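1. dropping the sequence and predicted coords here.
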Amino acid sequence: MADLLDKFRNIQKVHQHVVGLAGRDPLGAPFEKMLSPTQAVIDGKECVLLGSNNYLGLTFFDEAIEKAKTALDVAGTGTTGSRMANGSYIGHKALEGKIADFYNMKHCLLFTTGYQANVGFLSAIAGKDDYIIIDADSHASIYDGCKLGDATVVRFRHNNVADLERRLKKLPEGSNKLVVIEGIYSMLGDRAPLKEFVRVSKENGAYVMVDEAHSLGVLGENGRGLLEEAGVEDQVDFVLGTFSKSVGTIGGFCVSNHSEVENARFLARAYMFTASTPPSIVASAGATIDHIKKNGKELMKKLWDNTAVVYPALKELGFKVGPEMTPVIGVAMPSLEEGIRVWNTLYENGVYVNMALPPAIPAGKCLLRCSVSAAHTPEQLETVVKAFTAAKHAAEAAA
Ligand code: PMP
């Protein structure tokens with residue numbers, strides 16, 4: 001019989017295999033010094049960061065840093081408990097109000113991370129006899145939220161409206177249904193056909209939740225994500241989001257116009273049984289959201305201009321990129337070995353990208369997951385394109 005620790009031993013073998021092939025650890029690269037939102041010294045080498053989800057490049061936003069420092073002085077380093085137990089700091093409430101305002105919605109619940117927002121909200125809202133209908137390519141936090149709750153989970157084919165409709169129609173008449181969609185999918189960077197998904201969901205009596213983790217500050221005229229871009233803000237019931245990407249810090253939230261949602265605080269275990277967001281994070285997230293409100297359009301223009309340099313260049317070089325141009329650019333590799341070769345060449349040419357392996361993607365696959373930032377300079381973009389060109393030449397030479 002297998003030993004309890006065999007799981008760890010087995011995964012260690014896989015990890016060692018990856019490190020052996022790469023000659024370094026692509027899954028634990030040491031970021032020794034951050035030089036800017038888009039540049040760091042990694043294992044002794046200066047690299048352009050092309051995988052950090054820092055879409056608006058705001059991790060060094062001076063006002064956010066100042067406000068965080070003040071909050072540290074005034075309120076300390078942490079809350080040391082959940083809001084149920086240790087109470088809500090004034091900043092928690094104010095930030096919830098700010099996010100609700102940003103989305104033009106009435107209610108907001110703050111979670112400590114985006115992962116917890118999905119896990120907490122999904123496990124709380126859908127119970128026994130209810131149905132959660134999710135896209136097959138959903139993020140792990142959506143899957144985990146479903147697992148933690150008692151609802152029946154139905155998966156539909158990625159971005160396939162007809163398949164969603166077919167599955168909804170099979171569910172018992174009158175049953176409670178929640179359809180869960182993502183704005184931009186985190187690995188391949190494709191948008192959901194949200195307008196159609198919303199139509200089909202509403203026709204079949206389902207509530208709709210959209211996880212806008214990768215689309216806040218990226219899509220929509222005001223950065224309110226795919227629901228703004230698709231013109232369905234008044235039809236989506238719940239929006240999940242995170243501060244860990246465009247907002248440049250950490251934290252999650254759920255906004256809604258349904259007043260009942262306020263009571264999820266008493267049901268979502270990922271809200272009740274974990275420490276609340278520290279004051280410095282609350283302060284920096286608030287400052288950055290204000291900045292996005294004021295200057296988001298300009299930042300998003302830079303982001304999309306930069307995206308329009310990188311995505312077509314990689315496509316032109318023959319890399320297998322996702323189906324549409326967004327700042328999330330997943331580059332599919334034919335094998336783990338080839339993925340590691342390309343990753344290494346990019347690193348040697350001063351570009352760091354994320355290596356995505358199962359379970360983040362399907363078994364047997366390897367994806368170099370890139371993300372463009374508004375803060376990438378023209379010189380950095382040139383470095384990126386040159387590095388991918390070098391990787392292409394290296395692959396051709398090895399073939
Ligand atoms: N939802 C999606 C779609 C994500 O991609 C992520 C993180 N990659 C999360 C939720 C979790 O967010 P966080 O990292 O802020 O916990």
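-> Received the coordinates, thanks. Numbering: from 1, shown residues only.
2. show me what contacts the residue of the chain found nearest the ligand?
-> The ligand sits closest to Gly114 of the chain, with a gap of 2.5 Å, by Cβ to the nearest ligand atom. (Each C-beta comes from the backbone N, C-alpha and C, glycine too.) Going by Cβ atoms under 8 Å, 6 or more residues apart in numbering, Gly114 touches 141, 213, 240-244, 251-252.
3. where do the strands sit along the stretch 1-150 of the chain?
-> For the stretch 1-150 of the chain, applying DSSP state E, counting those that start in this stretch gives strands covering 31-36, 39-42, 45-49, 107-111, 131-135.
4. in the third one, what counts as buried?
-> Spelled out, that is strand 45-49. By neighbour count on 16 or more other Cβ atoms under 10 Å, the buried set for strand 45-49 is 47-49.
5. Gly364: neighbour count?
-> 9 (other Cβ atoms under 10 Å).
6. mind checking the SS state of it?
-> Under DSSP: H, G, I helix; E, B strand; the rest coil, Gly364 falls in the coil class.
7. for it, give its distance to Phe319.
-> 19 Å (Cβ to Cβ, to the nearest Å).
8. quick revisit: now the buried residues of strand 45-49 in JSON lines, with distance to Val385?
-> Output for these, formatted as JSON lines (distance: Cβ to Cβ, whole Å):
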{"residue": "Cys47", "distance to Val385": "15"}
{"residue": "Val48", "distance to Val385": "11"}
{"residue": "Leu49", "distance to Val385": "15"}
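9. which residue packs closest to the residue of the chain closest to the ligand, ignoring adjacent ones?
-> In this structure, Gly114 finds its nearest non-sequential neighbour in Thr242, 2.8 Å apart by Cβ to Cβ, 6 or more residues apart in numbering.
10. roughly how far does the one you found sit from Lys33?
-> According to Cβ to Cβ, Thr242 and Lys33 sit 26 Å apart.
11. compare those two (neighbour count), which wins?
-> More neighbours surround Thr242 than the other of Thr242 and Lys33, with 26 against 10 (other Cβ under 10 Å).
12. specify the beta-bridge partners of the more buried one.
-> Thr242 forms beta bridges with Gly252, as assigned by DSSP bridges.
13. I'd assumed Ala117 was in contact with it.
-> Yes. Counting by Cβ atoms under 8 Å, Thr242 does reach Ala117; the two are 6.9 Å apart.
14. find residues that contact each of these two.
-> Contact criterion Cβ under 8 Å, 6+ apart; residues shared by Thr242 and Ala117: 252-253.
15. pretty sure Gly220 sits against Glu228.
-> Yes. Gly220 lies in contact with Glu228 (Cβ under 8 Å); the separation is 2.8 Å.
16. near the ligand, which residues of the stretch 151-300 of the chain are found?
-> By the rule Cβ under 6 Å from any ligand atom, the part of the stretch 151-300 of the chain lying against the ligand is 182, 186, 211, 213-214, 242, 244, 252.
17. out of these, list just those in strands.
-> The strands, defined by DSSP state E, take in 182, 211, 242, 252 from those.
18. turn those residues into a markdown table, columns for distance to Ile281 and pLDDT.
-> Below are those laid out as a markdown table (distance: Cβ to Cβ, whole Å; pLDDT from 0 to 100):
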| residue | distance to Ile281 | pLDDT |
| --- | --- | --- |
| Glu182 | 24 | 98 |
| Asp211 | 20 | 98 |
| Thr242 | 12 | 98 |
| Gly252 | 11 | 98 |
